[in-house]
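Undergrad: kindly return the folded structure for what I paste below:
(one chain, ligands or ions: 1)
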Amino acid sequence: MIELLYRPTWAEISLDAVRKNLKKLSDMANPAKLLFIVKANSYGHGASVLARMAEREKLVSCFGVSSVEEGAALRKSGIRLPVLVLGSLYPFKTVVAAIRHKLIITVASPDAARQLIQASDKLQKEVVCHLKLETGMCRIGARRPGAVKIWKILSRSKFVTLAGMYTHFSSADCDPEFTRQQLSIFRETRKELEALGAKNLLYHASATAGLLNCPEARFDLVRPGIASYGLAEGFTPALSWKSRIVFIKNVRAGASISYNRTFIAQKEMRIATIPVGYADGYRRAFSNSADVLICGKRCRVTGRVTMDMIMADITDVPEARIGSPVVLLGRQGEEEISAEELAEKAGTITYEILTGISERVPRIYRK
Ligand SMILES: Cc1ncc(COP(=O)(O)O)c(C=O)c1O
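TA: Alright, predicted model coming up:
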């Protein structure tokens, strides 16, 4: 497959790593089931391939996506398990599309509940939804009185089934006290709904950080994203980003490299050019700061990252040749460039590094 690439830059995804991570999460969460978060193209790993594997091998019980488009794409790729759309739906026709694709809809306001009833009545089609409770994230979600209203509205509907209630922790990775407060609002609201007659709802609150740090918040489902892709302690990173040297030159002391002359050679140097740039998601912030791996050694990116190419210092790697493999993210020999390291260099989080690898980079799957 790699031999078929005209430009030798690609992301390699280990299906075995994802499988292992999902099994570990599943054991940890048991008896709660996994709602596998595959939004943003599975954080850049390829949602349809990973979701199909997870469904085929019975590793998860449902999926989470951010939009109807993402849910419809999963259905098109043959996914049959339940798919929850985590985002709030607007405009109205989106609800109709969600119903047609048999997606589970998030209802976060009484108005949205009424619209859902209208749409399902008009289509005469059954629809399943989960109620999103606001407990401290202030993104989407109804507060406790709104949640009660939603339950009352939906319980009168002929076609709409309220099948679950969930919330999202804002700081489960760093603020246990605030997480406990969110959890307590969630529990109180649950009690109130059950007192009103709500039965058999699926409750869920934890993404990766909640699952790892707050065992009492596992309920019926957990929603891990980042740990499934191996970016949490004890998990196996699934994605490596690779390329090959396409050009080598020797430069004299005083030569400047790339745009705006931010790198001036202090001595004679050997410089490799690698066909990856910020249009691939290799961020401009890596200019003069990130390393790549060549022949098992760390080589500094010299000068500005350009749209399609970067340069790296291979002065101390005499064995490097045109065609030598380059690792931008991942392992080579004893060395590793982690997503955490790149995120730190760019002043961001691993999520943004992974989801930022653009569509231009082909994804290749390793069993
Ligand atoms: C509602 C919701 N649940 C779960 C997740 C998964 O989070 P993580 O990747 O931290 O596990 C996200 C991610 O942003 C989310 O928005």
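Undergrad: which residues touch the nearest residue in space to Glu319 that is not next to it in sequence?
TA: Leaving aside its chain neighbours, Glu319 sits nearest to Cys295 (5.2 Å; criterion: CB to CB, 6 or more residues apart in numbering). Quick note: C-beta positions are derived from backbone N, CA and C, even for glycine. Cys295 sits next to Val317, Glu319, Ala320, Ser324, Gly333 when contact means CB atoms under 8 Å, 6 or more residues apart in numbering.
Undergrad: can you tell me the SS state at the first one?
TA: Recorded secondary structure, Val317: coil (DSSP: H, G, I helix; E, B strand; the rest coil).
Undergrad: list the contacts of the nearest residue to Asn213 once chain neighbours are set aside.
TA: Once flanking residues are discounted, Asn213 sits nearest to Ala172: 5.5 Å by CB to CB, 6+ apart. Residues near Ala172 by CB under 8 Å, 6+ apart: Thr179, Ser206, Ala207, Ala209, Gly210, Asn213, Cys214, Ala217.
Undergrad: the second one against Arg223, yeah?
TA: Yes - here Ser206 reaches Arg223: they are 6.6 Å apart, a contact under CB atoms under 8 Å.
Undergrad: tell me where the stretch 1-150 of the chain has strands.
TA: Secondary structure of the stretch 1-150 of the chain (DSSP state E, counting those that start in this stretch): strands at 10-14, 33-37, 62-65, 83-85, 104-107, 127-132.
Undergrad: can you give me the buried ones in the second one?
TA: Think strand 33-37. Using 16 or more other CB atoms under 10 Å as the test for burial, strand 33-37 gives Lys33, Leu34, Leu35, Phe36, Ile37.
Undergrad: nearest to the ligand, of these?
TA: Nearest to the ligand among the buried residues of strand 33-37, counting by CB to the nearest ligand atom, is Ile37 at 4.2 Å.
Undergrad: show me the contacts for the closest one.
TA: By CB under 8 Å, 6+ apart, the contact list for Ile37 reads Phe63, Gly64, Ala207, Arg223, Pro224, Gly225, Ser228.
Undergrad: again with Val326
TA: Contacts of Val326 (CB under 8 Å, 6+ apart): Lys242, Ser243, Arg244, Ile245, Ala272, Ile274, Val292, Leu293, Ile294, Ala312.
Undergrad: is it true that Leu342 touches Ile353?
TA: Yes - the criterion here is CB under 8 Å, and Leu342 meets it with Ile353 at 5.0 Å.
Undergrad: now for those two: what residues contact both?
TA: Common contact partners of Leu342 and Ile353 (CB under 8 Å, 6+ apart): Arg283, Leu329.
Undergrad: contact residues of the stretch 51-200 of the chain facing the ligand?
TA: Proximity of the stretch 51-200 of the chain to the ligand, by CB under 6 Å from any ligand atom, involves residues Leu86, His168.
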